[in-house]
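In: structure of the sequence below:
(one chain, ligands or ions: 1)
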Amino acid sequence: MTSRSRITLQTLVARKRERRKIPVVTCYDYATACLLEQSEMDAVLVGDTYGEVCLGHSTTLPVTVDHLVTITTAVRHGAPSKFLIGDMPYLSYQVCSEEAIHNAGEFMARAGCDCVKVEVDRRLADTVAAMSRATIPVMAHLGLKPQSVHQHGGYKCQGKTAQDALTIIEDAKILEEAGAVALLLEAVPHEVARIITERTALPVIGCAAGPHCDGAVVVLHDMLGYSAGHPPRSIKRYAELHRVLLDAFQAYADDVVAERFPEEAHSATMPKHEYERLATLLAKRG
Ligand code: KIV
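Out: The predicted structure follows:
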């Protein structure tokens, strides 16, 4: 396998300057990270969507720092060259700046992240500034903030009215001035995404935000078709993994039941003389 050159924040800024889009995907385990390492993906987000797609929760709220630092470390082992984004979970940065810095340090120092992502608006600008002063590169996640699902009243597109759009556009500026190094816009209209992307030098990654951001992020399980059924409008499917996996599970179960697997060839064989000796020993014991 060829080793790839390391993607850094400077790489992402250069991509924006050169108008080359930045592909980003979520990842939650080592084996998948090893595959992503061999791809042209620029960045990997170990998102708190882990709570939904891997743990089966209905929101991201139950995910903890320990959960995410553990799996983020595994993803770093598999994808050493990728720009690795650690996702700070619910209430790991909202309470106070000290806690935010301490928890972000776990992602940076233990898991080897290149930046941490926090779901913020202007009310948390001071926290972003404090993290930035503490040398932590922060990606500010704006628009639909899934950790605020109960305040949003559901997973709804944000910024559809002129006033709401203006608030998000202003928030982006305020967070840039507070020291954020990148932005993530989730579920905002493409017009709002375009205005924000044009008005900042920061790399802007969109999630269900249309074509005008500097890059795009999707949840791996959605783009790979892990589950059957209609994907959300924002998703393009690149595989139908549920079909491949279901066929494989069924074929394996059928083989075991029909005694086609495992065969003797799937295990070790005793040396012939040891087997003969074993037969003698067993015979002696009756
Ligand atoms: O946690 C996550 O996977 C995310 C993406 C949906 C942007 O924040």
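
In: host element of the nearest residue to Arg122 once chain neighbours are set aside?
Out: If the residues on either side of it in the chain are set aside, Arg122 comes closest to Ile174, at 4.6 Å by Cβ to Cβ, 6 or more residues apart in numbering. For the C-beta atoms, the positions are set from N, CA and C on the backbone; glycine is no exception. Using DSSP states H and E, Ile174 sits in helix 162-178.

In: count of neighbours near the residue of the chain found nearest the ligand?
Out: When distances are taken as Cβ to the nearest ligand atom, the chain reaches nearest to the ligand at Gly47, 2.2 Å away. The local packing of Gly47 (other Cβ atoms under 10 Å) involves 28 other residues.

In: that one touches Asp87, doesn't it?
Out: Yes. With contact defined as Cβ atoms under 8 Å, Gly47 counts as touching Asp87 (4.8 Å).

In: quick one, strands of the stretch 101-250 of the chain?
Out: For the stretch 101-250 of the chain, the strands defined by DSSP state E, counting those that start in this stretch occupy 115-119, 138-143, 182-186, 204-207, 215-218.

In: so which of those strands gets nearest Leu12?
Out: Among the strands of the stretch 101-250 of the chain, the nearest to Leu12 by Cβ to Cβ is strand 182-186 (6.7 Å).

In: if I look at Pro232, how far off is Leu183?
Out: As defined by Cβ to Cβ, to the nearest Å, Pro232 lies at a distance of 22 Å from Leu183.

In: host element of Val256?
Out: In this assignment (DSSP H and E), Val256 forms part of helix 241-257.

In: how far away from the center of its chain is that helix?
Out: 27 Å (Cα atoms, centre = their mean, to the nearest Å).

In: for it, name the packing helices and strands.
Out: Packing partners of helix 241-257 (3 or more Cβ pairs under 8 Å, 6 or more residues apart in numbering; DSSP states H and E): none among the helices and strands.

In: next, the buried residues of that helix.
Out: For helix 241-257, a neighbour-count test (16 or more other Cβ atoms under 10 Å) marks Leu241 as buried.

In: pull the residues that contact it.
Out: Leu224, Gly225, Tyr226, Ser227, Ala228, Arg260, Phe261 (Cβ atoms under 8 Å, 6 or more residues apart in numbering).

In: what's the mean pLDDT across stretch 56-64?
Out: Here stretch 56-64 scores 97 as its mean pLDDT.

In: stretch 10-27 now?
Out: For stretch 10-27, mean pLDDT rounds to 98.

In: what does stretch 97-117 give?
Out: If you average the pLDDT over stretch 97-117, you get 98.

In: that one near the ligand anywhere?
Out: No. Figure legend: stretch 97-117 not in contact with the ligand (Cβ under 6 Å from any ligand atom); closest approach 6.6 Å.

In: how close does Val218 sit to Cys27?
Out: From Val218 to Cys27 the distance is 11 Å (Cβ to Cβ).

In: ditto for Cys113
Out: Taking Cβ to Cβ, one finds Cys113 at 13 Å from Cys27.

In: also Gly286?
Out: When Cβ to Cβ is the yardstick, Gly286 and Cys27 sit 59 Å from each other.

In: those two - which one has more neighbours?
Out: Remark: of Gly286 and Cys27, Cys27 carries more neighbours, 27 against 4, as counted by other Cβ under 10 Å.

In: OK, contacts around the more buried one?
Out: Applying Cβ under 8 Å, 6+ apart to Cys27 gives the contacts Ala33, Leu36, Val44, Leu45, Val46, Val75, Gly78, Ala79, Leu220.

In: mind putting these into CSV with pLDDT and neighbour count?
Out: Shown next, in CSV, are those (pLDDT from 0 to 100; neighbours: other Cβ atoms under 10 Å):
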residue, pLDDT, neighbour count
Ala33, 98, 23
Leu36, 98, 19
Val44, 99, 30
Leu45, 99, 30
Val46, 98, 30
Val75, 98, 28
Gly78, 98, 18
Ala79, 98, 26
Leu220, 97, 21
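
In: report the two of the residues you listed separated the most.
Out: Leu45 and Gly78 (14.1 Å).

In: count the neighbours of the residue nearest to Cys157 when sequence neighbours are not counted for me.
Out: Once flanking residues are discounted, Cys157 sits nearest to Ala187: 4.7 Å by Cβ to Cβ, 6+ apart. Counted with other Cβ under 10 Å, residues neighbouring Ala187 total 22.
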